[in-house]
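Engineer: can't give you the sequence, but here's the structure:
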């Protein structure tokens, strides 16, 4: 009989702990949900500001036609651009489609209204025929996905 009473007391104790735990979980989950909503609202505000006041990368031209060149020649071109946005522009990377094309990005941030250059060198060694080398520019600009093209033909 004592064992049954002892088991009943233990069961009641566990049951009361369970309901307190559920309340704690509910309270913690409410705090977490509130924090998530606040973070989401802050993120939405930041995103809205970024879309209206962020940097904008504007190139004079996205394509440079280097014409017909001899095999083995190197072609250099400076793509001129301007930050037409309202915040400093930072070009983080420029990736070429192959190792024969080497882009060089500016190191310093470009202030609103300022101009800059992205230099590209194409080495035609081992290439023949029509060429279209693409340089993908990555930045903090609102229009961050920009492709630049070097096109031309290599004579044999």
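Structural biologist: Arrived safely, thanks for sending. Since the model is a prediction, treat every value here as computed from it, not as a measurement. Residues are numbered from 1 along each chain as shown.
Engineer: contacts, neighbours, all on C-alpha from now
Structural biologist: Will do.
Engineer: how about the nearest residue to residue 73, chain neighbours excluded?
Structural biologist: Spatially, and ignoring its direct neighbours in sequence, residue 73 is nearest to residue 124 (5.6 Å; C-alpha to C-alpha, 6 or more residues apart in numbering).
Engineer: so that neighbour touches residue 102, yeah?
Structural biologist: No. The criterion here is C-alpha atoms under 8 Å, and residue 124 misses it with residue 102 at 11.8 Å.
Engineer: in this protein, where is pLDDT below threshold?
Structural biologist: 1-52 (pLDDT under 70).
Engineer: again, only this time at 90
Structural biologist: 1-53, 144-145, 156 (pLDDT under 90).
Engineer: got the domain ranges for it?
Structural biologist: Split into domains by automatic domain parsing, the chain comes to 1-52, 57-155.
Engineer: from residue 130, how far out is residue 107?
Structural biologist: 32 Å (C-alpha to C-alpha, to the nearest Å).
Engineer: these two: which is more packed in?
Structural biologist: Higher neighbour count among residue 107 and residue 130: residue 130, with 13 against 9, using other C-alpha atoms under 10 Å.
Engineer: quick check on that one: phi, psi?
Structural biologist: When read as degrees, to the nearest 10, the backbone of residue 130 gives phi -70, psi 140.
Engineer: from residue 85, how far out is it?
Structural biologist: Taking C-alpha to C-alpha, one finds residue 130 at 36 Å from residue 85.
Engineer: and for the residue nearest to residue 73, the neighbour number?
Structural biologist: Residue 124: 20 surrounding residues under other C-alpha under 10 Å.
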